[in-house]
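[1] What follows is a predicted structure for the sequence shown.
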Amino acid sequence: MKYIIIGLGNFGASLAQKLTEMGNEVIGVDNNMARVEAIKEKITHAVNVDATDVSAVNNLPLKDTDIVIVGIGEDKGANIMATALMKQQHVKRLISRAVSSLQQTVLEAMGVDEIIHPEEETAERWAKKLNLQGVVDSFEVTGNYSIVETEVPKEYDGRCLEEIGLKRNHNIIVLTTIKTSEEKNSMGTIKTTPHVQDVASGKTVLHFGDIMVIYGNNKDIKKLLMEHRNYSKSK
């Protein structure tokens, strides 16, 4: 995967480094040369660019990038400006950072569906989430075990957990499922709202489009997600 991370403060730099260590190509962008110099040996590329400057942004390889993350935190105006420029460039997938509820509302009104809250979420958590296809969110319980929210695969649609046998076949437990609905926020923008269901049992029926919350060893979870990724590609 190829990432561009705009804003190399504590969160952005940490996320860029972790994604690089996971084998991804990461371009770090910041208008502060000291930050660029501090990380240039730890990630794929680091460039001194003002991401609020239209002409400067046009020099970034946006069309060849899978995910662009605007991680600017201290300057809310620069964050919104950089995010707006990324929207104008129609990047494949855009994630932006919010440090206040008002900023989040503005980003949602701009059509940004994925928003990072670094004060609540760690760079390591987001690195895991981004590095595995199908992961909606994750929480590391210990060094080897995690709780992960992942999309229900098509092949599980309409089947109960007892029939699928995730514990039996993959050593993974489904804790619960989450359904989503679309609702309007205070600015009239449609946003997705999660609704957590009851504790899962063998009779719980999964539905494509829902989210299942699973627990297990990180290697077992990664194996399961890769299997479903390959299954989807073969269909």
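    Sure thing, it's come through.
[2] after the host helix or strand of residue 146, next one along is what?
    For residue 146, the host element (DSSP states H and E) is strand 145-151. Under the assignment DSSP H and E, the closest C-terminal helix or strand after strand 145-151 is helix 161-164.
[3] buried set for whichever helix or strand comes after that following helix?
    Once helix 161-164 ends, the next helix or strand along the chain (criterion: DSSP H and E) is helix 166-170. By neighbour count with 16 or more other C-beta atoms under 10 Å, helix 166-170 contains the buried residues 166, 170. Placement of C-beta: from N, CA and C, glycine included.
[4] Could I have the CA atoms of helix 166-170 written out in CSV?
    Only the C-alpha atoms of helix 166-170 are listed here, as CSV (Å, rounded to 0.1, in the frame of the first residue of the first chain):
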residue,chain,number,x,y,z
LEU,A,166,-15.1,-19.5,13.5
LYS,A,167,-13.9,-20.8,16.9
ARG,A,168,-13.6,-24.3,15.7
ASN,A,169,-11.9,-23.5,12.4
HIS,A,170,-10.0,-20.3,13.1
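[5] Let me see the mean pLDDT of the next helix or strand after it.
    Moving toward the C-terminus from helix 166-170, the next helix or strand (DSSP H and E) is strand 173-184. Here strand 173-184 scores 83 as its mean pLDDT.
[6] Just the element for the residue nearest the centre of the chain, please.
    In the chain, the residue lying closest to the centroid (C-alpha atoms, centre = their mean) is residue 130, at 4.5 Å. Residue 130 belongs to helix 123-131 when assigned by DSSP H and E.
[7] Which stretches in the chain count as strands?
    Applying DSSP state E to the chain gives strands spanning 2-6, 25-30, 45-48, 67-70, 94-97, 114-116, 135-140, 145-151, 173-184, 190-199, 211-217.
[8] Reformat these as CSV; add distance to residue 161 and mean neighbour count.
    CSV is the format used below for these (distance: least, C-beta to C-beta, whole Å; neighbours: other C-beta atoms under 10 Å):
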stretch, distance to residue 161, mean neighbour count
strand 2-6, 35, 24
strand 25-30, 37, 25
strand 45-48, 44, 18
strand 67-70, 32, 26
strand 94-97, 31, 24
strand 114-116, 28, 18
strand 135-140, 18, 17
strand 145-151, 14, 19
strand 173-184, 6, 14
strand 190-199, 11, 11
strand 211-217, 9, 20
